[in-house]
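coordinates only, sequence not included:
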């Protein structure tokens, strides 16, 4: 599942240049017995299977040993985690080593939470497993890692700290819709001011909750 998304574009360049090293840990390698069992039925009854705490703990500890880094975090991807956002992505991008634990099946044994540093959710919805959320987080974190992109480009992106200003390209006029004259003026000081104003307006209109979280940005 992970091969495609990490072998293209910005993430691929970051990997090729050594800025980011991404490794895939197969939980089944730490499974129990001949059949490498990683899950079992939930105590108390219920549907589905639960990933075992002992299997996950072994996988986490082995992955920590592989790192050899002090600045590392273990994060469990779960609907009960804190909502993922750009601020969290930026903080995670400063780590030396990030371990993402992907849930699967019906869920994971609650006791695994004692062996992770944080719990993160990518939104108020359910996915089949934690693999796709892990891809989203990895993409967001790697692109913010120092050296992946120019700092000026990162600072102007959406959620840094507001939504991005509207952008335009050719043609200048399409179906009687025109590019704002200010963007064609060549006056970069006025353009920067316009872009900043539009960024705040977009945020107020579409995501006013972001402003409440970051009042210090004004």
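Noted; the coordinates are in hand. Worth saying up front: this structure is predicted, and the values here are computed from it rather than measured.

domains of this structure?
The chain breaks down by automatic domain parsing into domains covering 5-144, 156-217.

nearest to residue 150, of the ones you listed?
domain 156-217 (10.0 Å; Cβ to Cβ). Every residue, glycine included, has its C-beta placed from N, CA and C.

if we can go back for a sec, can you tell me which of the domains of the chain is packed in deepest?
domain 5-144 (a mean of 15; mean count of other Cβ atoms under 10 Å).

pLDDT wise, what is the residue nearest in space to the middle of the chain at?
Residue closest to the mean C-alpha point of the chain, counted by Cα atoms, centre = their mean, is residue 137 at 1.9 Å. In the prediction, the pLDDT value recorded for residue 137 is 98.

quick one, phi/psi of it?
Main-chain dihedrals, residue 137, degrees, to the nearest 10: phi -60, psi -40.

tell me which element residue 197 falls in.
helix 188-206 (DSSP states H and E).

List the contacts of that helix.
156, 162-166, 180, 182-183, 185, 210-211 (Cβ atoms under 8 Å, 6 or more residues apart in numbering).

Could you do stretch 41-55 as well?
With Cβ under 8 Å, 6+ apart as the contact definition, stretch 41-55 has outside contacts at 27, 30-32, 37-40, 103-109, 111-112, 115.

Next one: the residue nearest to residue 142 when sequence neighbours are not counted from residue 145, what distance?
In this structure, residue 142 finds its nearest non-sequential neighbour in residue 20, 4.7 Å apart by Cβ to Cβ, 6 or more residues apart in numbering. In this view, residue 20 and residue 145 are 6 Å apart by Cβ to Cβ, to the nearest Å.

cool, and residue 197?
Between residue 197 and residue 145 the distance is 30 Å, computed by Cβ to Cβ.

What of residue 100?
Applying Cβ to Cβ to residue 100 and residue 145 gives a distance of 15 Å.

Could you identify the helix or strand that succeeds the helix or strand of the chain with the lowest mean pLDDT?
Considering only helices and strands, the least confidently modelled element of the chain by mean pLDDT, DSSP states H and E is helix 151-155, at a mean of 62. Using DSSP H and E, the next helix or strand after helix 151-155 towards the C-terminus is strand 173-174.

From the chain's centroid, how far away is that next one?
36 Å (Cα atoms, centre = their mean, to the nearest Å).

Give the partner strands of that strand in its sheet and their orientations.
Strand 173-174 has the following sheet partners, assigned by DSSP bridges: strand 177-178 (antiparallel).

Can you show me the strands along the protein?
39-40, 50-51, 72-83, 97-102, 107-108, 118-121, 173-174, 177-178 (DSSP state E).

Show me what the fifth one is packed against.
In other words, strand 107-108. The contact analysis (3 or more Cβ pairs under 8 Å, 6 or more residues apart in numbering; DSSP states H and E) places strand 107-108 against strand 50-51, strand 72-83.

Now do the residue nearest to residue 142 against residue 75, distance only.
For residue 20, the distance to residue 75 - Cβ to Cβ - is 16 Å.

got it, and residue 99?
Taken as Cβ to Cβ, the span from residue 99 to residue 75 is 7 Å.

Point out where this structure drops to low pLDDT.
Applying pLDDT under 70 to the chain flags residues 66-69, 152-160, 213-218.
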